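*Asks:* Fold the following for me, if possible:
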Amino acid sequence: MAEVLELKAASRAAGTVRLPGSKSISNRVLLLAALAQGETEIAGLLDADDTRVMREALSRLGVAFEGKKIVGAGGAFPVRKADLFLGNAGTAFRPLTAALAFCGGEYSLSGVPRMHERPIGDLVDALRGIGARVDYAGKQGFPPLTIRPGKLSLERLRVRGDVSSQFLTALLMALPLLGKNARIEVQGELISKPYVEITLNVMKRFGVEVRRTGWRYFDVPAATYRSPGKIHVEGDASSASYFLAAGAIGGGPVRVEGVGRESIQGDARFVDVLKQMGAEVALGDDFIEVKGGKLRPIDLDLNHIPDAAMTAAVLALFAGGPSVIRNIGSWRVKETDRIAAMATELRKVGAQVEEGKDFLKITPEKLKSDVSIDTYDDHRMAMSFALVALGGVPVRINDPQCVAKTFPDYFSALRSILR
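*Replies:* Purely as a prediction, here's the structure:
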């Protein structure tokens, strides 16, 4: 794909898109299948950069892949010394850090330069608090990391929840390796709760049921992961948001297949944002369909759907007044500083934007034509700003190949519904 992608002006969106598998579910399923007893056949697994680095890491740790099947290790990874490169995949880096801390081996974990700017101190502190030996190979509080065997004690396991829910997810998925009952106490407000719900759901499918008391205490039983035999990964609800938004902006109907009313993903709740903006939404077991109309502005706390909230920010360009997206402080430590990046690019296309520590206020103005959108090596910047073309203006997307992180065929799928 070229380094710059030009999208022609469009005035309507209609059609059907089949979604790739969920990144969040795919990497959780890969890890638990690798740790489980038995073979797991996975249907619908996402094939993209983030899942490829997880598969490569698991292979280096001694896990066998046979087509769509994974032969589980039945506990700790058999390889006890490895150097792992994990790109910019937080859904691989954070859970593997915790799992490897419980494997009794020597490991080094690194990623791309941006991954080395994404904080991991809260997870490392939690692991050190129970005796794990995790050291920083560079800047304190950030990857790369070195892991060595430690003497583990589960008396007090605490983790902060207000920077990333992936730290809690990592601990939850790794703890069954220890074969003991364990309780995690979350300190501070837990953000992105729906992603933790995905974790609990996938763990249960592999035979480990976690009890929680509110969002403060999580009790993990002394249980072993067991393969469910076959498991299906549903379509990616975060990726669905772009096409559903296109239907809201461009009239529709636009239908996404692979995710529906039974979805376990929090980003499926993006449909509530669309309804509040005035779009018409229909839900089936395996599809969501959206028709558009005159869009209303919103003032919403979107802490629970931080990825789809980026789609909402671009949707705000098409609303009949100022919109405010609140409680999105976690954007600051994602693939890029998404609050700063989003504010910059929204201004480029003509909006007035007020940027706060954890919010954006977006006042739409007449869209500017032929703007070049910088994507900051962030797949969601590229995918969300492609929707600007539905304002009847051509738009250029710089470094469009960054979408390979989660959706390599995104632009061809989008073009298939633009009219």
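
*Asks:* drop to CA atoms for contacts and neighbour counts, all remaining ones
*Replies:* Will do.

*Asks:* Sketch out the strands for the stretch 151-300 of the chain, chain order is fine.
*Replies:* 157-160, 182-187, 211-213, 217-220, 230-232, 251-257, 280-283, 287-291, 299-301 (DSSP state E, counting those that start in this stretch).

*Asks:* angle of the longest one against strand 287-291?
*Replies:* In terms of direction (axes from the mean of the first three to the mean of the last three Cα atoms, to 10 degrees), strand 251-257 departs from strand 287-291 by 170 degrees.

*Asks:* Including mean pLDDT and mean neighbour count, could the strands of the stretch 151-300 of the chain go into JSON lines?
*Replies:* What follows is the strands of the stretch 151-300 of the chain, written out as JSON lines (pLDDT from 0 to 100; neighbours: other Cα atoms under 10 Å):
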{"stretch": "strand 157-160", "mean pLDDT": "96", "mean neighbour count": "21"}
{"stretch": "strand 182-187", "mean pLDDT": "97", "mean neighbour count": "19"}
{"stretch": "strand 211-213", "mean pLDDT": "98", "mean neighbour count": "12"}
{"stretch": "strand 217-220", "mean pLDDT": "98", "mean neighbour count": "18"}
{"stretch": "strand 230-232", "mean pLDDT": "98", "mean neighbour count": "15"}
{"stretch": "strand 251-257", "mean pLDDT": "98", "mean neighbour count": "23"}
{"stretch": "strand 280-283", "mean pLDDT": "98", "mean neighbour count": "17"}
{"stretch": "strand 287-291", "mean pLDDT": "98", "mean neighbour count": "24"}
{"stretch": "strand 299-301", "mean pLDDT": "98", "mean neighbour count": "15"}
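
*Asks:* Tell me how many other residues crowd Gly67.
*Replies:* 8 (other Cα atoms under 10 Å).

*Asks:* Tell me where the model's unsure across the stretch 1-150 of the chain.
*Replies:* 1-2 (pLDDT under 70).

*Asks:* which residues of it fall in helices?
*Replies:* Assigned by DSSP state H, counting those that start in this stretch, the helices in the stretch 1-150 of the chain fall at 23-35, 49-60, 90-101, 121-128.

*Asks:* Also compute the angle for the first one relative to helix 90-101, please.
*Replies:* So the one you mean is helix 23-35. Relative orientation of helix 23-35 and helix 90-101, computed by the same axes, to 10 degrees: 20 degrees.

*Asks:* Kindly export helix 23-35 (C-alpha atoms) in PDB.
*Replies:* Output in PDB follows, covering the C-alpha atoms of helix 23-35 (Å, rounded to 0.1, in the frame of the first residue of the first chain):
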ATOM      1  CA  LYS A  23      -8.200  -8.400  18.600                       C
ATOM      2  CA  SER A  24      -9.100  -8.300  22.300                       C
ATOM      3  CA  ILE A  25     -10.700 -11.700  22.300                       C
ATOM      4  CA  SER A  26      -8.100 -13.200  19.900                       C
ATOM      5  CA  ASN A  27      -5.000 -12.500  22.000                       C
ATOM      6  CA  ARG A  28      -6.800 -13.600  25.200                       C
ATOM      7  CA  VAL A  29      -7.800 -16.900  23.500                       C
ATOM      8  CA  LEU A  30      -4.300 -17.500  22.100                       C
ATOM      9  CA  LEU A  31      -2.700 -17.100  25.500                       C
ATOM     10  CA  LEU A  32      -5.200 -19.200  27.400                       C
ATOM     11  CA  ALA A  33      -5.200 -21.900  24.800                       C
ATOM     12  CA  ALA A  34      -1.400 -22.000  25.100                       C
ATOM     13  CA  LEU A  35      -1.600 -22.400  28.900                       C
END
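
*Asks:* now for it, which elements pack on it?
*Replies:* helix 49-60, strand 69-71, helix 90-101, helix 193-205 (3 or more Cα pairs under 8 Å, 6 or more residues apart in numbering; DSSP states H and E).

*Asks:* again, 7 Å this time
*Replies:* Judged by 3 or more Cα pairs under 7 Å, 6 or more residues apart in numbering; DSSP states H and E, the packing partners of helix 23-35 are strand 69-71, helix 90-101.

*Asks:* Go through these and pick out the most buried.
*Replies:* Comparing the helices and strands packed on helix 23-35 by mean neighbour count (mean count of other Cα atoms under 10 Å), helix 90-101 comes out on top with a mean of 24.

*Asks:* what separates that helix from the chain centre, distance-wise?
*Replies:* Centre-to-centre, helix 90-101 and its host chain are 15 Å apart (Cα atoms, centre = their mean, to the nearest Å).

*Asks:* Could you do stretch 241-255 as well?
*Replies:* For stretch 241-255, the distance to the chain centre is 21 Å (Cα atoms, centre = their mean).

*Asks:* now do the same end-to-end measure for that stretch.
*Replies:* Length of stretch 241-255, first residue to last, Cα to Cα, to the nearest Å: 11 Å.

*Asks:* dump the residue contacts of Arg156.
*Replies:* Shown in contact with Arg156 (Cα atoms under 7 Å, 6 or more residues apart in numbering): Ile130.

*Asks:* typo on my end, Ser108
*Replies:* Ala82, Asp83, Leu84, Leu145, Thr146, Ile147.

*Asks:* Just among these, which is most surrounded?
*Replies:* Neighbour counts for the contacts of Ser108 peak at Ile147, which has 24 neighbours (criterion: other Cα under 10 Å).

*Asks:* how many other residues sit next to the closest residue to that residue other than its chain neighbours?
*Replies:* Nearest residue to Ile147, sequence neighbours excluded (Cα to Cα, 6 or more residues apart in numbering): Val134, at 4.6 Å. Around Val134 sit 24 other residues, with neighbours defined as other Cα under 10 Å.

*Asks:* who touches Val134 in this structure?
*Replies:* Val134 neighbours (Cα under 7 Å, 6+ apart): Val124, Arg128, Leu145, Thr146, Ile147, Arg148.

*Asks:* any idea how far the residue positioned nearest the centre of the chain is from Tyr195?
*Replies:* Residue closest to the average C-alpha location in the chain (Cα atoms, centre = their mean): Ser24, at 5.3 Å. Here the distance between Ser24 and Tyr195 works out to 8 Å (Cα to Cα).

*Asks:* follow-up on the earlier one: of all the contacts of Ser108, which comes closest to His379?
*Replies:* Closest approach to His379 among the contacts of Ser108 (Cα to Cα): Leu84, at 22.6 Å.

*Asks:* Quick one, which of the helices of the stretch 1-150 of the chain gets closest to Thr169.
*Replies:* Once those are compared by Cα to Cα, helix 90-101 is nearest, at 7.0 Å.
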